[in-house]
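K.L.:
Okay, sequence plus prediction incoming.
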Amino acid sequence: MPTLLEIHNLSIEYKTRLGTARAVDNVSITLDENKTLGLAGESGCGKSTLGRSIIRLVPYPGRILEGEILLNLDEDVPYENGVVEKGQINLLQLDGDQMRALRGKKLAYIFQDPMTSLNPMERIGKHFVEIIKAHEPDTPKEDAQVRTKDLLEALDILPERVLDYPHQFSGGMRQRVMIGLGLTLTPQLLIADEPTTSLDVIVEAQILNLISDLKDKFNLTMMLITHNLGVLAETADSIAIMYTGRIMEVAPTEALFESPQHPYTQALLQSVPDVRKPDRKLSWIPGSPPSLTEPIPGCMFRPRCPHAMEICATEPPPLMKSTSGGIVACYLYEGS
Amino acid sequence: MMGKSITISGVFIYLRLVQESFRDRSKLWWIVLGVILGGTIALVASLIILAARSNSGLGIPVVVGTILFGVSMLVVGLFRTLLIRKGTFSPRMGTLFLVGVTCILGVITIPVSIFILPAGWFDLWTVFVMGGVAIGIILLFLYSRYSWLKERGSPGFLTITGFLMVLSIIYMTVISYWIVPYDPAAINVGPILWPPHPGFPLGTTSLGQDLLSRTIAGGGIMLQVAFLSVLICFFVGVPLGLLSSFRGGALDRVLSLIMDAIFAFPGLILAIAIAAMLGPGVINMALAIAVVYIPSYFRVLRSQVLTIKELPYVEAAKALGARDRDTMLRYVLPNSLPSIIVVMSINFADAVLTAAGLTFVGLGLPIDVADWGWDLTFGWHQLITGAWWVITFPGIMIVLLALGFTLVGEGLNEILTPMLKE
């Protein structure tokens, strides 16, 4: 299976008045083509920052310190002053114009809040025509409009509604429009940042079904960022668990749910209700995550970990092969 | 009490239907509004009738012509509503249709004006068209009460009232050249300082000028100054504010500093200083007023843009590969314009008052131009002798014009920023 995206040793810092916070700390991850990677973790663990760094739109005052983000481009992408050549490229070395040519064309990003992600002053159709025109300026307007209508049909939205304004759509429809916008130019990688968080469960299910349908149809590779493990169980091929800016465990979805390796993953799964075991008491993880501005030495999960050992306080554990077929950052599995 | 409120589509995103506001207003409010509107229109109409009936040559044909023009616009407007309701036209096509027919009407008027006055047909024709369009808009307003305003409750009526007042004064000014009984600037057309009587219905000034002619024609300069200054403000203040807050950094700091420095001066004093420096003239007055008001456009737009540029849809546009120029012009600017429209209408009212003030202190126009500001200056001295009429009639017109613009501003403000009410 060819890899589409490789992230090596990526670190991102936010400089705040309270100190420097490492939102992403030495993260390495690979994403295979036509697979969905779920990125899960609690609020503030750096999963959105990691997603944003791929399109190089880390919000101010964030800064990418070091690392590589390698994308396997499948075709040359022209931009104003030249061409981004196909093959493996390091996104962090591209300049602003090159990066802009890739956004929307090869990399698409779906934001969390569909209610405010569309320009309230523009008709829906105009959004689509605009993105087509921005990346393929030679496309005649009529072609762009035909493509828009086809896309809307694929999203279960009546094509006549291209003339409507965003506020005439419901939240679920707007999120479908956002997904459609992301897929207009058939990108290679779709990053969805909590695409269903602000929607109710029924619409959430519709959107997830739509995403998995479209994934087959468009041959998509996806990165799904969420804190809802149930969503990932349904859609993801493999799941990465993040905690305080670090990757704790990466495993195929089934293996992660069946035999979680990292103590944090185990605790996380025990705090999710299970319909098959109504009698089980939900547990919680005592304490709260350490402040990112004052990182503790060693494993960041140590103060809350039931299996903490001496070595955990000195060196952060490296990622090791786990028995479930993934990788895990925990000394419990050293040497196994 | 939370009533029924519905969000409405269209150019302004924040438009909201507030039905309970009909009941919020007291009876007295409605009576006052009605008296103001009725009084203004009655006053303007009686002035026009008085003038057109006296020895003004082409007065009556011009009035009749413009009214005919307006009525035909109304008929076309009715036809348009009918066609839209039937589904033959989309609303946009309907508007195009209305504009097109108005243009055709304008062309038809050319031979008519050549027939009436072969020598000066162009002046006559422009008056026909401009006055006719003003009347037409008034009639369309009165007929449909532009449903998009009517449905918005009392703020909508406030806006319509203001629009009607301003339009009727504009109409009077536009046709003034043809209906005035005497040349408004000519002196000694009658006895000096006569009170109103049949020969001179509003009396005469201390220079023997006919006050009726001066009251009708005196608004021209003021309106020109107001429109020009608002245009200058808009085309300077808006791009500066947009660029400054969108780019940020050193540019933003320098521009904000300059604008705040201008803002720190008392407005009228600064306008007087600049007008004194530039000398008299319409453009110079407009410039002096514009300099005073550019900072308010700048600051309002800047604060709006600072909020809007952080909104998710701007970020989404960036994530989909939009250029800075596109996000600025297509996303940020249209969404921040509603607040600028409110500033504009308030700016109009202030410009009228400032223009009057500049003329009053003697920095306005040459003394031989008919202008309400001059009549205020002279009338002020003659009030001591008991000649109340010289200052009263031009004064009322200034008040009505400023009040009309203010009402538009207030109404739009309430419509476009409903948060103000909650």
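P.N.:
Here it is on my side, so go on.

K.L.:
contacts for stretch A:257-274?
P.N.:
A:40, A:229-230, A:233, A:241, A:243, A:248-249, A:251, A:256, A:280, A:282-285, A:301, A:304-307, A:322-324, A:326, A:328-330, A:332-333 (CB atoms under 8 Å, 6 or more residues apart in numbering or on different chains). Placement of C-beta: from N, CA and C, glycine included.

K.L.:
wait, what's in contact with A:Glu68?
P.N.:
A:6-10, A:90, A:92.

K.L.:
Now it. Its backbone dihedrals?
P.N.:
phi -140, psi 140 (degrees, to the nearest 10).

K.L.:
Quick check: bridge partners of it?
P.N.:
Here A:Glu68 sits in beta bridges with A:His8, as judged by DSSP bridges.

K.L.:
Now, of the contacts of stretch A:257-274, which are buried?
P.N.:
Among the contacts of stretch A:257-274, those buried by neighbour count (16 or more other CB atoms under 10 Å in any protein chain shown) are A:40, A:229, A:241, A:243, A:248-249, A:251, A:256, A:285, A:301, A:304-305, A:322, A:324, A:326, A:328-330, A:332-333.

K.L.:
ok, and the closest non-adjacent residue to the closest residue to chain A within the stretch 201-350 of chain B?
P.N.:
Among all residues of the stretch 201-350 of chain B, B:Gly321 sits closest to chain A, at 3.4 Å; criterion: CB to the nearest CB. Nearest residue to B:Gly321 in three dimensions, chain neighbours excluded: A:Gly104, at 3.4 Å (CB to CB, 6 or more residues apart in numbering or on different chains).

K.L.:
That neighbour: what's it in contact with?
P.N.:
So A:Gly104 contacts A:131, A:134-135, A:182, A:184-185, A:187, B:319-322 (CB under 8 Å, 6+ apart).

K.L.:
List of residues touching stretch B:83-101?
P.N.:
B:73, B:76-77, B:80-81.

K.L.:
got the buried residues for that stretch?
P.N.:
The neighbour-count check on stretch B:83-101 (16+ other CB under 10 Å) flags B:84, B:89, B:94, B:97-98, B:101 as buried.

K.L.:
In the stretch 1-150 of chain A, which residue sits closest to chain B?
P.N.:
Closest point on the stretch 1-150 of chain A to chain B, by CB to the nearest CB, is A:Gly104, at 3.4 Å.

K.L.:
what ranges do the strands span in the stretch 1-150 of chain A?
P.N.:
Counting by DSSP state E, counting those that start in this stretch, the stretch 1-150 of chain A has strands at residues A:3-16, A:19-32, A:36-40, A:62-73, A:77-79, A:82-84, A:87-90, A:107-110.

K.L.:
which parts of the first one are buried?
P.N.:
Burial within strand A:3-16, assessed by neighbour count using 16+ other CB under 10 Å, is assigned to A:4-7, A:10-14.

K.L.:
Need the max-distance pair from those residues.
P.N.:
A:Leu4 and A:Tyr14 (27.6 Å; CB to CB).

K.L.:
Can you pull out the low-pLDDT segments for the stretch 1-150 of chain A?
P.N.:
Along the stretch 1-150 of chain A, segments meeting pLDDT under 70 span A:1.

K.L.:
Now do A:Lys277 against A:Ile211, distance only.
P.N.:
A:Lys277 is 29 Å from A:Ile211, where distance means CB to CB, to the nearest Å.

K.L.:
so can I have JSON lines of the contacts of A:Gly104 showing neighbour count and secondary structure?
P.N.:
As requested, these are exported to JSON lines (neighbours: other CB atoms under 10 Å in any protein chain shown; DSSP: H, G, I helix; E, B strand; the rest coil):
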{"residue": "A:Ile131", "neighbour count": "24", "secondary structure": "helix"}
{"residue": "A:Ala134", "neighbour count": "20", "secondary structure": "helix"}
{"residue": "A:His135", "neighbour count": "22", "secondary structure": "helix"}
{"residue": "A:Gly182", "neighbour count": "26", "secondary structure": "helix"}
{"residue": "A:Thr184", "neighbour count": "23", "secondary structure": "coil"}
{"residue": "A:Leu185", "neighbour count": "18", "secondary structure": "coil"}
{"residue": "A:Pro187", "neighbour count": "21", "secondary structure": "coil"}
{"residue": "B:Ala319", "neighbour count": "25", "secondary structure": "helix"}
{"residue": "B:Leu320", "neighbour count": "27", "secondary structure": "coil"}
{"residue": "B:Gly321", "neighbour count": "24", "secondary structure": "coil"}
{"residue": "B:Ala322", "neighbour count": "21", "secondary structure": "coil"}
